[in-house]
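**Q** sequence below, structure please.
(chains A and B)
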Amino acid sequence: MNAIILSALLGVVMMFSGIVIKSKHAIVSTALVCLVILLLGNLCDTYGCFSISMDLHEMLAFNKFGQFFNTIAITATLLYVLLSGKDIVKVGNYPAEYFALIFFVLCGVSILSAFNNLLMMFLGIEILSIPLYILTGSDKKNLKSNEASLKYFLMGAFSTGLMLMGIALLYGATGSFGIEAPVARQLSNGVQQRAPILEVIGLIFVFVSLLFKVSAAPFHFWTPDVYDGAPSVFTSFMATIVKAAGFIAFIHLFEGRADEMESIWKMLLVLTIVATLLIGNVTAVFQQSVKRMLAYSSIAQAGFMLFALYSRNDMAKEGILLYAVAYSIATVGIFAILIKMKDYTFDGYNGLAKTQPLLAAANTVFLLSLAGIPLTAGFFAKYWMLASVMKAGGSSAIWLIVIAVIFAAVSVYYYFRVIQAMYFKEGNAETTEEISQGFKIGLLIMSAIIIILGVFPDALLQWFYF
Amino acid sequence: MNITHILFWFLSALALVSAMMVVVSKNPIHSILWLILVFFAISGHYILLNAQFLAIVNLIVYAGAIMVLFLFVVMLMNLNKETEQQKNVWMKLTGVIAGGCFLVSTCNVIFNAQSVSRELAGKTALMKEGSIGLIGTLGKALFSNYVIPFEISSVLFLSAMVGAVVIGKKD
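**A** Numbering: from 1, shown residues only, chains lettered A, B, ... in the order given. I've put the predicted structure just below:
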């Protein structure tokens, strides 16, 4: 409960700080202080020192997994603001409001990690999405940003409509908004009765709308345009923390409900995973702009994260946490560097290793992690996912793993194109501004996290079980 | 035949006739005006079912806000004979299928309800009994079981308001 209440309150604080604080630099510092407070509040909650409690009426159910995910999301946001805070305030005239919206998104994230009721899930998803529609359109003078915002809003509203329809059908079939499958259906001999068709259709609707939110194929069409059109700083936030939160909600809901759909579930999910991997990876190969390539690569990474839904065991839970950390940190880092570049195409990176050796080195670490090369966190994230599928078994498991490995190999191509441009091509990559010392230190810290997790992935997971 | 019976049959006929007119009218403005009448008739039904609050909300939200929005949109689009889109056979067919599915499922619900509870059969109104549509019941549910979603939705509205200011304010 701490995280939900604090993030909402701190959002209000950030909102009003715009009246008092005029300097943009001071607003970034305020946001950082607020994020640290939020992080401490959430840690207190996790380890039971201080937590606001109230009568929850079974609307929310807090567990270690969700709180640990909150910690990850808040820490990733902290790193993100540390690295790109200066670029956030540069987007438009309302720096304080942008941070307020980011805090509201975090409120949505902490609801999604703890919901115990479809109503709360809906509220969480909406609190997560609405600030994003606005952040996407925050660059008001840029036509592409406006278009992306409108597109995102319309598509998002449509998928929300589908979700509400699904929830209504579920309510009609079971008479409750709870996320657990109804107990009454269990027969005396322990065999489950079949779920009524209304409930299955409702679950499929919710499934589809959640696929939309995490941008999995075939509901990914908004992703490249929105990620490309939005100001790069906010794309970075959307593609990482928000997406990971979507997956947490997804897993949380379907952990108990997936079995009700019986064979339809496996079929739908396997088709989605294969389509997502195929479309994400193959389209990314043809991109000329690094920003657009990252948008497609985020679709491809979503395909990998969907494996956690296939296996639904303890290893998958560990895996999704590891994946959230590895993917979020690497992507935030790559975007932070991308924002500093003058030219967003692959050619814009030509010769970066000569002009900015440290930026190029850090970028290489992040890209290697996304590609899943050993000794980086990305390798273990992918390993955990595939291992969990193997553990879960099933007739299609082995084929899924083969397909996943093939597409991981395809992804190496487009990630390495950036590395190739930076190190092996002649050119004079230009940055828009002088790279500050603090930015470099931030990049070093993030690369260090990636490599440490790549060598000792247990460091994170043991902390989870601590 | 008492007054509630007469009201019930009158409102039902009104609702059905105006609903037909919504579809039949050539002029979209007339369609909308007929639709407003449908909402009024439905609100009347709510009152007959002892759901005053629902009736008022239906009037305010649907007949008030949404229909005005509809009217504005239709007037802004400036529809006339030339811009009328061509309706092909496939569109008509899909319309018939979609409408037919809805009809079948609605009939199913009605006949099921009658077979489940005999006392519902033949009833037209529920005066002075049942409290599901009263504002007191809603308020109690909202501030006891559903207090957390109720409070948290304020965050949603706040973020939407911040967004409206950020997007709408002149730089």
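
**Q** in the chain, where's the longest helix?
**A** Unless you meant another one, I'm taking chain A. helix A:143-174 (DSSP state H).

**Q** actually chain B
**A** Ranked by residue count and defined by DSSP H, the top helix of chain B is helix B:89-116.

**Q** mind giving me the domain ranges of chain B?
**A** B:3-133, B:134-171 (automatic domain parsing).

**Q** which of those domains has the lowest mean pLDDT?
**A** By mean pLDDT, the lowest-scoring of those turns out to be domain B:3-133, with a mean of 84.

**Q** do that one and chain A come into contact?
**A** No - Domain B:3-133 lies apart from chain A when judged by Cβ under 8 Å from any Cβ of the partner chain; the minimum separation is 10.0 Å. To be clear about C-beta, it is placed using only N, CA and C from the backbone, and glycine gets the same treatment.

**Q** can you give me how far that domain is from the chain middle?
**A** Taking the mean of its C-alpha atoms, domain B:3-133 sits 6 Å from the chain's own mean (Cα atoms, centre = their mean, to the nearest Å).

**Q** what of stretch A:135-149?
**A** A distance of 21 Å separates the centroid of the chain from that of stretch A:135-149, by Cα atoms, centre = their mean.

**Q** show me what counts as buried in that stretch.
**A** Burial within stretch A:135-149, assessed by neighbour count using 16 or more other Cβ atoms under 10 Å in any protein chain shown, is assigned to A:135-140, A:142, A:145-146, A:148-149.

**Q** what's in contact with it?
**A** Contact partners of stretch A:135-149, identified using Cβ atoms under 8 Å, 6 or more residues apart in numbering or on different chains, comprise A:91-92, A:94, A:98, A:101-102, A:133-134, A:150, A:152, A:225-226, A:228-231, A:234, A:237-238, B:166-167, B:171.

**Q** output stretch A:312-331 as PDB, nothing but the C-alphas.
**A** Taking only C-alpha atoms (Å, rounded to 0.1, in the frame of the first residue of the first chain), the coordinates of stretch A:312-331 have been written out as PDB:
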ATOM      1  CA  ARG A 312       3.600 -20.200 -15.300                       C
ATOM      2  CA  ASN A 313       6.000 -21.700 -12.700                       C
ATOM      3  CA  ASP A 314       8.300 -20.300 -10.100                       C
ATOM      4  CA  MET A 315      11.200 -20.200 -12.500                       C
ATOM      5  CA  ALA A 316       9.100 -18.100 -14.900                       C
ATOM      6  CA  LYS A 317       8.400 -15.600 -12.000                       C
ATOM      7  CA  GLU A 318      12.100 -15.400 -11.300                       C
ATOM      8  CA  GLY A 319      12.800 -15.100 -15.000                       C
ATOM      9  CA  ILE A 320      10.300 -12.200 -15.600                       C
ATOM     10  CA  LEU A 321      11.900 -10.300 -12.700                       C
ATOM     11  CA  LEU A 322      15.400 -10.900 -14.200                       C
ATOM     12  CA  TYR A 323      14.100 -10.000 -17.700                       C
ATOM     13  CA  ALA A 324      12.500  -6.800 -16.400                       C
ATOM     14  CA  VAL A 325      15.800  -5.700 -14.900                       C
ATOM     15  CA  ALA A 326      18.000  -6.700 -17.800                       C
ATOM     16  CA  TYR A 327      15.700  -5.300 -20.500                       C
ATOM     17  CA  SER A 328      14.800  -2.100 -18.700                       C
ATOM     18  CA  ILE A 329      18.300  -1.100 -17.700                       C
ATOM     19  CA  ALA A 330      19.800  -1.900 -21.100                       C
ATOM     20  CA  THR A 331      17.000  -0.100 -23.000                       C
END
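
**Q** next, the buried residues of that stretch.
**A** Those buried within stretch A:312-331 under the rule 16+ other Cβ under 10 Å are A:312, A:315-331.

**Q** out of the residues you listed, who's near chain B?
**A** With Cβ under 8 Å from any Cβ as the criterion, no member of those is in contact with chain B.

**Q** go through those and flag which are in helices.
**A** A:315-331.

**Q** can you count the residues close to residue 102?
**A** In the absence of a named chain, this looks at chain A. Counted with other Cβ atoms under 10 Å in any protein chain shown, the burial measure for A:Ile102 works out to 25 neighbours.

**Q** other chain: chain B
**A** When neighbours are counted by other Cβ under 10 Å, B:Phe102 registers 10.

**Q** next: A:Lys90.
**A** A:Lys90 has 14 neighbouring residues, counting by other Cβ under 10 Å.

**Q** so who does it touch?
**A** A:Lys24.

**Q** 10 Å - rerun?
**A** In this structure, A:Lys90 makes contact with A:24, A:84, A:231, A:233, A:339, A:433, judged by Cβ atoms under 10 Å, 6 or more residues apart in numbering or on different chains.

**Q** find the nearest non-adjacent residue to the residue of chain A found nearest chain B, please.
**A** Chain A approaches chain B most closely through A:Ile134 (3.6 Å), counting by Cβ to the nearest Cβ. When the adjacent residues along the chain are set aside, A:Ile134 lies closest to B:Gly163, with 3.6 Å between them (Cβ to Cβ, 6 or more residues apart in numbering or on different chains).

**Q** do the same with A:Ala284
**A** Nearest in space to A:Ala284, with sequence neighbours left out and distances taken as Cβ to Cβ, 6+ apart, is A:Tyr296 at 3.6 Å.

**Q** for chain B, which residue gets nearest to chain A?
**A** Scanning chain B for proximity to chain A using Cβ to the nearest Cβ identifies B:Gly163 as nearest, at 3.6 Å.

**Q** and that residue, how far from A:Ala76?
**A** Noted for B:Gly163: a distance of 23 Å to A:Ala76, by Cβ to Cβ, to the nearest Å.

**Q** and for B:Val38?
**A** Applying Cβ to Cβ, the value for B:Val38 to A:Ala76 is 51 Å.

**Q** for burial, what's the neighbour tally of the spatially closest residue to A:Val290 that is not a sequence neighbour?
**A** Taking Cβ to Cβ, 6+ apart as the measure, A:Val290 lies nearest to A:Tyr344, with 5.6 Å between them; neighbours along the chain are not counted. Using other Cβ under 10 Å, A:Tyr344 is surrounded by 19 other residues.

**Q** hang on, A:Tyr344 packs against A:Ile337?
**A** No - A:Tyr344 is beyond contact range of A:Ile337, at 11.2 Å (criterion: Cβ atoms under 10 Å).

**Q** hey, what's in contact with both of those two?
**A** Going by Cβ under 10 Å, 6+ apart, residues that sit against A:Tyr344 and also against A:Ile337 are A:Val290.

**Q** make sure A:Glu426 is indeed in a helix.
**A** No - counting by DSSP: H, G, I helix; E, B strand; the rest coil, A:Glu426 is not part of a helix but coil.

**Q** got phi/psi on it?
**A** A:Glu426 has phi and psi values of phi -80, psi 140 when expressed as degrees, to the nearest 10.

**Q** pretty sure it contacts A:Thr355?
**A** No - counting by Cβ under 10 Å, A:Thr355 is not a contact partner of A:Glu426; they are 11.9 Å apart.
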